[in-house]
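Asks: sequence and predicted model, in that order:
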Amino acid sequence: MLCWLALIVTACAGGTNSQAIVRIGIDAALPPFEATTADPKVFAGFDIDVAQALAAQAGVKIEFVDLRIESLIPQVANCKLDGGISLIPISPNLGSQALVSNSYYSATHVVAVKKGNLLITDETKLAGMSVGVQAGSSSEDQARSLSIVPARSYLSPFLAFQDLALGAIDAVIADKPRAEYFANTKPYNVKIVGAGFGQIDYGMIFCPQRLELQTTMNAALKSIQADGTLERLKQKWNVGGK
């Protein structure tokens, strides 16, 4: 008897179907969006709950794989993972590497500086300053739209904020959730200045060969938006967006 494949593998034996397993990469170092727990195989956060809600709608089971964000996207692009979710900004560059879902969350860009810096009060004060951004990110695009030529582009926001903490650069333009994480982490000694500007939309990414997975997850996303699940998860994790 022929058993149709759904997403990855749906086994059938004696008429009983087992759930397909989808391997999703995360970078579990950005609470409250994704974080580790006492159990190394269990993760918690807004993105984790969103992915699980989508999986429930799609009828699949997720296996999370924890790795750094700079490795996550190449792993998905090369189909070593089925997908990824880790507050990944949607951009044309991202779409050239992997399949991208519709947006499930939005935020703004912000400027971060070292505490004690009184010269930079918002993005209009960055002229002539040494500004860091994540390479290929929407924040890099936003900097250029403000006629700011980034002094340094980094593979990850962690490296950018590390240099900011060390005083190697004057400011970082980043998405608000990541900037808030570093501002709330004492060793970095940084703060956010001014109001948010622009908009960043975040999505899941999928192996370029997994068009059916992208389609299924987009349908599931539409369902959890319509039934209020997505909004309830935002409230649960206190991540209102923008």
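Replies: The structure has been received and is ready for your questions.
Asks: biggest helix in the chain by residues?
Replies: Longest helix of the chain, by residue count under DSSP state H: helix 211-226.
Asks: can you mark which positions in that one are buried?
Replies: Neighbour-count burial for helix 211-226 flags 213-214, 216-218, 220-221, 223-224 (criterion: 16 or more other CB atoms under 10 Å). Every residue, glycine included, has its C-beta placed from N, CA and C.
Asks: need the residues you listed in JSON lines (columns: pLDDT and distance to residue 48).
Replies: Converted to JSON lines, the buried residues of helix 211-226 look like this (pLDDT from 0 to 100; distance: CB to CB, whole Å):
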{"residue": "213", "pLDDT": "96", "distance to residue 48": "18"}
{"residue": "214", "pLDDT": "97", "distance to residue 48": "20"}
{"residue": "216", "pLDDT": "96", "distance to residue 48": "19"}
{"residue": "217", "pLDDT": "97", "distance to residue 48": "15"}
{"residue": "218", "pLDDT": "97", "distance to residue 48": "19"}
{"residue": "220", "pLDDT": "97", "distance to residue 48": "15"}
{"residue": "221", "pLDDT": "98", "distance to residue 48": "15"}
{"residue": "223", "pLDDT": "97", "distance to residue 48": "18"}
{"residue": "224", "pLDDT": "97", "distance to residue 48": "14"}
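Asks: for residue 29, state which of those is nearest.
Replies: residue 217 (23.3 Å; CB to CB).
Asks: that older thread, dump the buried residues of helix 211-226 to a markdown table, plus distance to residue 71.
Replies: Below are the buried residues of helix 211-226 laid out as a markdown table (distance: CB to CB, whole Å):
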| residue | distance to residue 71 |
| --- | --- |
| 213 | 20 |
| 214 | 21 |
| 216 | 25 |
| 217 | 22 |
| 218 | 25 |
| 220 | 26 |
| 221 | 25 |
| 223 | 31 |
| 224 | 28 |
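Asks: distance check, the spatially most central residue of the chain against residue 149.
Replies: Closest to where the C-alpha atoms of the chain average out (CA atoms, centre = their mean) is residue 87, at 1.4 Å. Using CB to CB, to the nearest Å, residue 87 is found at 26 Å from residue 149.
Asks: same question, residue 171
Replies: Separation of residue 171 from residue 149 (CB to CB): 13 Å.
Asks: settle it for me: which of the two has more neighbours?
Replies: Neighbour count, other CB atoms under 10 Å: between residue 171 and residue 149, residue 171 has more, with 27 against 8.
Asks: alpha carbons of the longest strand along the chain, as CSV, please.
Replies: Criterion DSSP state E: the longest strand present in the chain is strand 190-202. Taking C-alpha atoms only, strand 190-202 is exported to CSV below (Å, rounded to 0.1, in the frame of the first residue of the first chain):
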residue,chain,number,x,y,z
VAL,A,190,25.2,49.5,26.8
LYS,A,191,22.0,51.4,26.5
ILE,A,192,19.4,52.2,23.8
VAL,A,193,19.0,55.8,22.8
GLY,A,194,16.2,57.5,20.9
ALA,A,195,13.0,56.0,19.6
GLY,A,196,12.7,53.0,17.2
PHE,A,197,12.8,53.7,13.5
GLY,A,198,11.9,51.7,10.4
GLN,A,199,10.4,48.2,10.6
ILE,A,200,11.9,44.7,10.6
ASP,A,201,9.7,41.7,9.8
TYR,A,202,10.8,38.2,11.0
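Asks: contacts only, for the closest residue to residue 121 other than its chain neighbours.
Replies: The spatially closest residue to residue 121, leaving aside those adjacent along the chain, is residue 193, at 5.4 Å (CB to CB, 6 or more residues apart in numbering). Contacts for residue 193 (CB atoms under 8 Å, 6 or more residues apart in numbering) come out as 110-113, 117, 120-122.
Asks: do residue 47 as well
Replies: 26, 33-34, 85-87.
Asks: correct me if wrong, but it is in a strand.
Replies: No: Residue 47 sits outside any strand when classified using DSSP: H, G, I helix; E, B strand; the rest coil, being helix.
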